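Novice: Sequence first, predicted coordinates after that:
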Amino acid sequence: MCLDMLRHKKKVLLLLLMMATGSIVYYLYTLKLERERDANISSTTSRLEREISELQAVFESEVIPDLGALGRPARGNWSDAELEAIGRSQRETGYNAWLSKRISAERTLYDMRHRSCKKLEYSLEKLPSVSVVITYHNEDASVLLRTLSSLRNRTPVLLLREIILVDDGSSSVDQKLNDFLQIKFLNMVRQHRIATQVGLMQARVVGAELALADVLVFLDSHVEVTKGWLEPLLEPILKNNRTCTTPIIDTIDYENFGYRRGKPSRGFFNWQFNYIQLPLLKEEAVAMPAPHKNPIMNGGLFAIGRQWFSELGGYDKGLKIWGGEQFELSLKLWLCGGQILEVPCSRVGHLYRDGKFQVRYTDKEKTKESRMISRNYRRVAEVWLDEFKDKVFANMPHLTVIPVGNLAEQRELKKRLHCKPFSWFLQNLASDFLNLYPILDPAEYASGVLQSLSSPKLCLDLNESRNDRPKLSPCSSDHIFPKPEQHWTLSNHRELRSGTYCLEVRNQGKDVYKFHCHGQSGNQFWSFDSKTRQVISGQMLDFRHCLEAQPKKNLVTSSVCDPKNNNQQWKFGYQNSQRLRHFWDNIKTQ
Ligand code: UDP
Ligand code: MN
């Protein structure tokens, strides 16, 4: 019994010993595992840190502190080599991308809202949250980063559900940029790439389909939002869910990124499908900064309910690349039971490219792209303008020969939503438009040749060659109905026009060029003084110059007006004296 107990004790001791050794071995083993894991974690952390700082070096190391702060023009004493790099980047992108890289993505902006806007208060819980949809094709990384940073810095977290960033088939995938965006914006930015470019309209529709919030905000990839930009855009949508709202669009300068104030306006298009801006109606100007009706949105920037956008079928699927989509969506919105309001308390800056720069969005030849734009225009005219399409086609006859594709779906939608005719749009939103751009054009102020009185054998010639300056050439024998390149009209819009080209002044009025008529006066405004016989550029008194013949060089220039200078005297083939007497009625000159 005793022995038995002893043997048993021994066994227990042995067992205990074994258990203790096991625990020690297990403990040491877990200790080792933990050490290894820690080592792994710290190596991953340091790898991540290294990666982050490498990416920061790529995208942020050239930033010069305070450059362009408060939206001031960014200036510096650049070396010759730097100036050359600036020139190169502007030729490539249409803006100073070299400088953009040196301006912080987080730069501050001056709050230029109307006083009363700053006092408005919103209860954020009541406002819907938004999905911001941005599409881009070959956008400069620094510009895109500034767009996103401005959104993050100036949008209440509660309202910004997500930013959907759609890369519309940019020529190459910038993996570094994609990684940097994920690190910098974490879950706020959702990226989606369309492998082959589909054009901004379809890319936006793809973005909208991914969106989760109740309201969609579409923005270009080169904008900066300002303080308090979003709340006032949402309030009108909350009141009426068929409302689309647009901010006032300020200008970001393409050379120095200075942020300049844009004017409140009512968008429209003229009979050549140029986007134009009409002044506010009197009662709207008085009610500023209350929201006012905006007949046609500018295109790049607007907020709209997701449901309403989808009921409208998004954009017409037949529209390609870009052009005309803002007309299509705006007309559809108004005619099918919605409205567009411009909200002056909301301001967003847009980087307009250098006007001389021609964006090329397709890899194919330029003609292909302009054919797409013409096709888009024709689709809009065919579906939405009813009999008024003839007015557009009369100005742009080439539209009628471009294949327009299938319109059945658009016509079906128009029927399904009981959309009103275009005449309703003109009657309700465009009383002043029709005065400026009448359906029946009144007679011109003058037409025929423009003959130089100092060298009467020479007439102004459009210069059909590729040259972008007009010239002087021997006058046609018929001064009233001359050959087309010498046929000029001082048009009802006070432009000096030959076909679709207009004369315009550049370089502070000193140089004369020919360019597509833009219908916006400005540098294409011309008048004729029947007494001094001068052909004068510029609407405002302080900025006027006179067209001057340079007979020795067969050229025309523009200089300070001098009634005694023979070279500044001209004669039209036909002058409508009656109309010329009223040329300046209701026209601002200072
Ligand atoms: N864009 C696009 N796909 C295209 C053409 C343009 O996603 O095929 C984008 C472009 O990067 C920009 C927006 O659409 O963010 C509007 O184009 P753009 O700024 O050229 O128009 P604009 O402001 O000059 O009228
Ligand atoms: Mn743009």
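Specialist: All right, it came through fine. Ligands and ions are numbered 1, 2, ... in the order given.
Novice: alpha carbons only for contacts and neighbour counts from here, please
Specialist: Noted.
Novice: Name the residues of this protein found near ligand 1, please.
Specialist: Among all residues of the chain, those adjacent to ligand 1 (criterion: CA under 6 Å from any ligand atom) are 135-137, 139, 168, 197, 199-200, 220-221, 300, 321-322, 361.
Novice: Switch the residues you listed over to TSV; also include pLDDT, neighbour count and secondary structure.
Specialist: Output for the residues of the chain next to ligand 1, formatted as TSV (pLDDT from 0 to 100; neighbours: other CA atoms under 10 Å; DSSP: H, G, I helix; E, B strand; the rest coil):
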residue	pLDDT	neighbour count	secondary structure
135	98	26	strand
136	97	23	strand
137	94	20	coil
139	96	15	coil
168	96	25	strand
197	91	21	coil
199	91	20	strand
200	94	25	helix
220	98	19	coil
221	98	26	coil
300	84	19	coil
321	87	19	strand
322	89	18	coil
361	75	16	coil
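Novice: Now do whichever strand or helix holds residue 208: which elements does it pack against?
Specialist: For residue 208, the enclosing helix or strand under DSSP states H and E is helix 200-210. On a contact count with 3 or more CA pairs under 8 Å, 6 or more residues apart in numbering; DSSP states H and E, helix 200-210 meets strand 130-136, strand 160-168.
Novice: now, of these, which is deepest in the fold?
Specialist: strand 130-136 (a mean of 26; mean count of other CA atoms under 10 Å).
Novice: Would you mind getting the angle between it and helix 200-210?
Specialist: Interaxial angle, strand 130-136 versus helix 200-210 (axes from the mean of the first three to the mean of the last three CA atoms, to 10 degrees): 150 degrees.
Novice: Check the offset of the lengthiest strand in the chain from the chain's centre.
Specialist: Using DSSP state E, we find that the single longest strand of the chain is strand 339-351. Strand 339-351 has its average C-alpha position 12 Å from the chain's average C-alpha position, going by CA atoms, centre = their mean, to the nearest Å.
Novice: what lines up beside it in the sheet?
Specialist: Strands that pair with strand 339-351, judged by DSSP bridges, come out as strand 223-225 (antiparallel), strand 243-252 (parallel), strand 292-293 (antiparallel).
Novice: for those, which one ends up most surrounded?
Specialist: Burial among those, expressed as mean neighbours by mean count of other CA under 10 Å, is greatest for strand 223-225, which shows a mean of 27.
Novice: And the contacts of that one?
Specialist: 146, 147, 150, 151, 154, 252, 347, 348, 349, 350, 351 (CA atoms under 8 Å, 6 or more residues apart in numbering).
Novice: same for the helix or strand just after it, what does it pack against?
Specialist: Using DSSP H and E, the helix or strand that directly follows strand 223-225 along the chain is helix 231-239. The criterion is 3+ CA pairs under 8 Å, 6+ apart, and the helices and strands that helix 231-239 contacts are strand 243-252, strand 302-305, strand 339-351.
Novice: Quick check: next helix or strand after the shortest one?
Specialist: The first helix or strand that comes after strand 302-305 along the chain, using DSSP H and E, is helix 306-311.
Novice: What average pLDDT does the very next helix or strand once past that following helix get?
Specialist: Downstream of helix 306-311, the next assigned helix or strand under DSSP H and E is helix 325-335. Mean pLDDT, computed over helix 325-335, is 98.
Novice: just how off-centre is helix 325-335 within its chain?
Specialist: Relative to its chain's centre, helix 325-335 lies at 17 Å (CA atoms, centre = their mean).
Novice: What angle do strand 243-252 and that helix make with each other?
Specialist: Counting by the same axes, to 10 degrees, helix 325-335 points 150 degrees away from the direction of strand 243-252.
Novice: please renumber so the chain begins at 6
Specialist: Shifting the count to begin at 6 puts that one at helix 330-340.
Novice: what does helix 330-340 contact?
Specialist: Taking contacts as CA under 8 Å, 6+ apart, the residues outside helix 330-340 that touch it are 206, 274, 300-304, 317, 319-321, 324, 344-345, 381, 385, 389, 424-427, 429-430.
Novice: I'd like to know which of the residues you listed are buried.
Specialist: 206, 274, 300-304, 317, 319-321, 324, 344-345, 381, 385, 389, 424-427, 430 (16 or more other CA atoms under 10 Å).
Novice: Find the closest residue to ligand 1 in the stretch 256-405 of the chain.
Specialist: The shortest separation between the stretch 256-405 of the chain and ligand 1 is 4.3 Å, found at residue 326 (distances taken as CA to the nearest ligand atom).
Novice: Verify the contact between that residue and residue 205 for me.
Specialist: Yes. Counting by CA atoms under 8 Å, residue 326 sits close enough to residue 205 to count as a contact (5.7 Å).
Novice: picking that back up, for residue 572, which of the helices and strands packed on helix 205-215 is the nearest?
Specialist: Ranking those by proximity to residue 572 (CA to CA) places strand 135-141 first, at 50.1 Å.
Novice: all strands for the stretch 356-505 of the chain, in order.
Specialist: Secondary structure of the stretch 356-505 of the chain (DSSP state E, counting those that start in this stretch): strands at 451-457, 463-466, 476-479, 493-495, 501-503.
Novice: circling back: now the residue of the stretch 256-405 of the chain closest to ligand 1. Nearest residue, chain neighbours left out?
Specialist: In space, not counting the residues next to it along the chain, residue 326 is nearest to residue 204; the distance is 3.4 Å by CA to CA, 6 or more residues apart in numbering.
Novice: Ok, residue 68 next?
Specialist: Nearest residue to residue 68 in three dimensions, chain neighbours excluded: residue 107, at 4.0 Å (CA to CA, 6+ apart).
Novice: Check residue 102 too.
Specialist: Residue 102's closest residue in space is residue 94 (CA to CA, 6+ apart), at 5.6 Å.
Novice: All set, thanks.
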